[in-house]
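Trainee: sequence? don't have it. structure:
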């Protein structure tokens, strides 16, 4: 089990450092249009690095699928839902802050709409946490299976 987890961790780290981080950096360079100031050699090198990163990400994703790394028993769905509640709460705070400091009316409107949507999602996720056990327990009982037939 320890070797399986070590291989899984190594595969994830390899995928992160060789596949996804270079793509994030190049996406930033592309969106900020800084790559236009580079010489032709560096632009070509950036294209080669992007292609290599895409191939590494694709290869490691297939390897993870073959080794069935997707079935992660270490993190429960409840833990994932708590993390999403925290993430959307943080996004809601950012939207509220942006709505407060924005000078234009349309920026305030967009920020407040985003905050309301994030708060709605947080409330729905919390509501889902309340009914998580209630929904999962009947599926595991024999009486529920008998009611299906």
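Mentor: Great, that's in hand. Computed from a predicted model, the values in this text were never measured in an experiment.
Trainee: which stretches of the chain have low pLDDT?
Mentor: Residue ranges of the chain with pLDDT under 70: 1-6, 65-75, 133-149.
Trainee: 50 instead?
Mentor: Filtered on pLDDT under 50, the chain yields the residue ranges 137, 139-142, 144-145, 148-149.
Trainee: Which secondary structure element is home to the most centrally placed residue in it?
Mentor: Residue closest to the mean C-alpha point of the chain, counted by C-alpha atoms, centre = their mean, is residue 84 at 9.5 Å. Using DSSP states H and E, residue 84 sits within helix 77-101.
Trainee: helices and strands around that helix, which ones?
Mentor: Secondary-structure packing of helix 77-101 (3 or more C-beta pairs under 8 Å, 6 or more residues apart in numbering; DSSP states H and E): helix 105-130, helix 132-140. To be clear about C-beta, it is placed using only N, CA and C from the backbone, and glycine gets the same treatment.
Trainee: Could you single out the most deeply buried of these?
Mentor: Highest mean neighbour count of those: helix 105-130, a mean of 14 (counted as mean count of other C-beta atoms under 10 Å).
Trainee: Against which helices or strands is that one packed?
Mentor: helix 77-101.
Trainee: Can you mark which positions in the helix it packs on are buried?
Mentor: 85, 88, 89, 91, 92, 95, 96, 98, 99 (16 or more other C-beta atoms under 10 Å).
Trainee: Closest one of these to residue 51?
Mentor: Nearest to residue 51 out of the buried residues of helix 77-101 is residue 91 (C-beta to C-beta; 32.9 Å).
Trainee: any idea how far the closest one lies from residue 63?
Mentor: In this view, residue 91 and residue 63 are 33 Å apart by C-beta to C-beta, to the nearest Å.
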